[in-house]
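Colleague: My questions are about this predicted structure, shown below with the sequence.
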Amino acid sequence: LRRSCARDLRKSGKRQFEVQEGQFLVSKIDARNGAFGVIPPEGDGAIITGNFWAYDVDETRVDARLLQLFTASDAFIDFCRRASPGATNRRYLQEPAFLEQTVRMPAELRQQQSVAQQLLHLRALSSSQCSRACRAVTDGVAARTGHRPQSCGTGGWRAGRDAGVLAEGRGPGSED
């Protein structure tokens, strides 16, 4: 990710910026509560304030679907919490701390695409299909890494929760 040089609009004395489709947007106020995502086509040209950061996604290096899935994971929420120090409810995400966090992902784009496709496929399955597929995926992850994602059980597959494990390159078909 690279911080975007969004157009500074300066309306009414406030700094406002125009974002583009495909950019990754983060709220420095509520990132630890899940306020982030990729700008959809209908958001192209939207205006944001300085309380948001927009990053360009280099889609030759990062699969946007996997980025979207990873940012829905508990791992990413924890990532944001670590970069939001303080003891009160007004804990702002600190950009230097946020950017210092490391995310392990498969280096090859095709591997990222494969992981994203697996997660999207699992998300679309019925509950019983999901449980069987979930066990197969988590068994594969456990066999390769010694780590068993907490994705199976009565709730079945939780693609958001375990996207972090798979996106970090510890999933089936990834290189450690």
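Modeller: Now that the structure is in, tell me what you want to look at.

Colleague: give me the low-pLDDT residue ranges for the protein?
Modeller: Under the criterion pLDDT under 70, the flagged ranges of the chain are 1-13, 88-89, 126-128, 130, 141, 144-176.

Colleague: Quickly note the distance from Gln112 to Pro106.
Modeller: 5 Å (CB to CB, to the nearest Å). (C-beta placed from N, C-alpha, C; glycine too.)

Colleague: ok, Glu108 to Ala64 distance?
Modeller: Taking CB to CB as the measure, Glu108 falls 16 Å from Ala64.

Colleague: One more: Val103?
Modeller: When distances are taken as CB to CB, Val103 and Ala64 turn out to be 14 Å apart.

Colleague: again with Glu100
Modeller: When Glu100 is compared with Ala64 (using CB to CB), they lie 23 Å apart.

Colleague: okay, those two: which has more neighbours?
Modeller: Ala64 (14 against 10; other CB atoms under 10 Å).

Colleague: Enumerate every residue touching the more buried one.
Modeller: Applying CB atoms under 8 Å, 6 or more residues apart in numbering to Ala64 gives the contacts Gly22, Val38, Val57.

Colleague: and Tyr55, helix, strand or coil?
Modeller: With DSSP: H, G, I helix; E, B strand; the rest coil as the basis, Tyr55 sits in strand.

Colleague: okay but it is in contact with Val26, surely?
Modeller: Yes: applying CB atoms under 8 Å as the test, Tyr55 and Val26 come out as touching, 7.3 Å apart.

Colleague: So which of these two has more stuff around it?
Modeller: Comparing Tyr55 with Val26 by neighbour count (other CB under 10 Å), the higher total belongs to Val26, at 22 against 18.

Colleague: Many thanks, have a good one.
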